[in-house]
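Trainee: Generate a structure from the sequence data that follows.
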Amino acid sequence: MASGATLAAAACESDGPKNATTPDQPAYQLLANFPQSEPYAAVGTPQRLPFLIAKRDDAPLDSISGPVTFTVTKDGKSVGQPIEVTARSADIPRAYLALELTFPAAGIYDLAATYRGSKLNSTIQVFDADQVTLPQVGAKLPSVATPTTTDARDVTPICTNEPPCQLHSINLADSLAAGRPVAMLLSTPRFCQTAICGPVLDLLVAASKRSDIDIIHVEPYANPLAVDSIAEAALSPLAEAYAMPFEPCLFVANASGTLVRRLDSIYDRTELEEALAAAVT
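Mentor: As a prediction, the model looks like this:
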């Protein structure tokens, strides 16, 4: 499993003077902040695709000016209407675009946008639902027993945040069995490769004073301190059960256990608040 979304850069950069470019080399590029080398997006269910914008050969921007409009095509034909996406960055050190859409059929889709005169392009391969193992919005969140301070379930440490966070008192399986809304973040602040796992955890900790939803943090690795390389670490029970190819990832389910939001790779305070509200309404 990749620590952090596979195509994200490791740091952020302010939106300052543009790099020198040629007409064939735009000043900005679009970075897909989700896996593109394996089944990720499924047909027929809402997909949230997080994108970053970076200067050419540079780090992602920490601010994005104005909304960005995406067009979607497949085999050269338009799919739906253009989609305007407002950038988000509330209380995190990086700006992103969360493109939300439902794909009507499997295949390869082309995504295009423009930012400050630069044409931005990306592609995504969409798979039939039975080929995508990642829990999908609208389905039941699979019940897995997660580590707690009273039962670590062979995960050491159960929190790599400094200091350890207080979101390890509730077991996901117990929360789902009790019919409680739940928000569960899979994230490893210490071993994150994209410098965003800690900030998104901080946002969740700040929201944990709520009494209407159980809030849980889960580490993706079972033994990260016992191996020479994080690539050699065993997966924690939840990461293994969900066959997670990336982190961070926030799963938000309502009282019936239905997944109402899945925030992959990055989220800000406002998107987190919207996701939590969706679970309790």
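Trainee: who's in contact with L111?
Mentor: Shown in contact with L111 (CB atoms under 8 Å, 6 or more residues apart in numbering): 30, 49, 70-72, 99, 121-124. All C-beta atoms are positioned from the backbone trio N, CA, C, and that covers glycine.
Trainee: which SSE is it in?
Mentor: Element membership of L111, judged by DSSP states H and E, is strand 107-115.
Trainee: buried stuff in that strand?
Mentor: Residues of strand 107-115 classed as buried by neighbour count (16 or more other CB atoms under 10 Å): 109, 111-113, 115.
Trainee: just those now: which is nearest T258?
Mentor: Distance to T258, by CB to CB, is smallest for Y109 among the buried residues of strand 107-115, at 26.5 Å.
Trainee: quick one: the closest one from D202, how far?
Mentor: 34 Å (CB to CB, to the nearest Å).
Trainee: Can you name the residues in contact with stretch 113-127?
Mentor: Contacts of stretch 113-127 (CB under 8 Å, 6+ apart): 18, 26-30, 32, 36, 39-43, 47, 49, 51, 53, 64-65, 68-71, 103, 105-112.
Trainee: ok, of these, which come out buried?
Mentor: Buried subset of the contacts of stretch 113-127 (neighbour count, 16+ other CB under 10 Å): 26-30, 32, 39-43, 47, 49, 51, 53, 64, 68, 70, 103, 106, 109, 111-112.
Trainee: those strands in the stretch 151-281 of the chain, which residues are they?
Mentor: 182-186, 214-218, 249-253, 259-264 (DSSP state E, counting those that start in this stretch).
Trainee: any chance of those strands in a markdown table, plus mean pLDDT and mean neighbour count?
Mentor: Converted to a markdown table, the strands of the stretch 151-281 of the chain look like this (pLDDT from 0 to 100; neighbours: other CB atoms under 10 Å):
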| stretch | mean pLDDT | mean neighbour count |
| --- | --- | --- |
| strand 182-186 | 98 | 25 |
| strand 214-218 | 98 | 25 |
| strand 249-253 | 98 | 27 |
| strand 259-264 | 98 | 21 |
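Trainee: Adding distance to D57, write these out as JSON lines.
Mentor: Below are the strands of the stretch 151-281 of the chain laid out as JSON lines (distance: least, CB to CB, whole Å):
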{"stretch": "strand 182-186", "distance to D57": "31"}
{"stretch": "strand 214-218", "distance to D57": "35"}
{"stretch": "strand 249-253", "distance to D57": "28"}
{"stretch": "strand 259-264", "distance to D57": "25"}
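Trainee: Among those, which comes closest to N161?
Mentor: Nearest to N161, of all the strands of the stretch 151-281 of the chain, is strand 214-218, at 7.8 Å by CB to CB.
Trainee: Run me through the strand neighbours of that closest one, direction for each.
Mentor: strand 182-186 (parallel) (DSSP bridges).
Trainee: hmm, who's touching stretch 221-232?
Mentor: Contacts to stretch 221-232, defined as CB under 8 Å, 6+ apart, come from residues 3, 154-157, 160, 188, 190-191, 233-237, 239.
Trainee: For the nearest residue to Q136 once chain neighbours are set aside, give its distance to R262.
Mentor: Among residues not flanking Q136 along the chain, T45 sits closest, at 4.6 Å (CB to CB, 6 or more residues apart in numbering). Per CB to CB, T45 is found 10 Å from R262.
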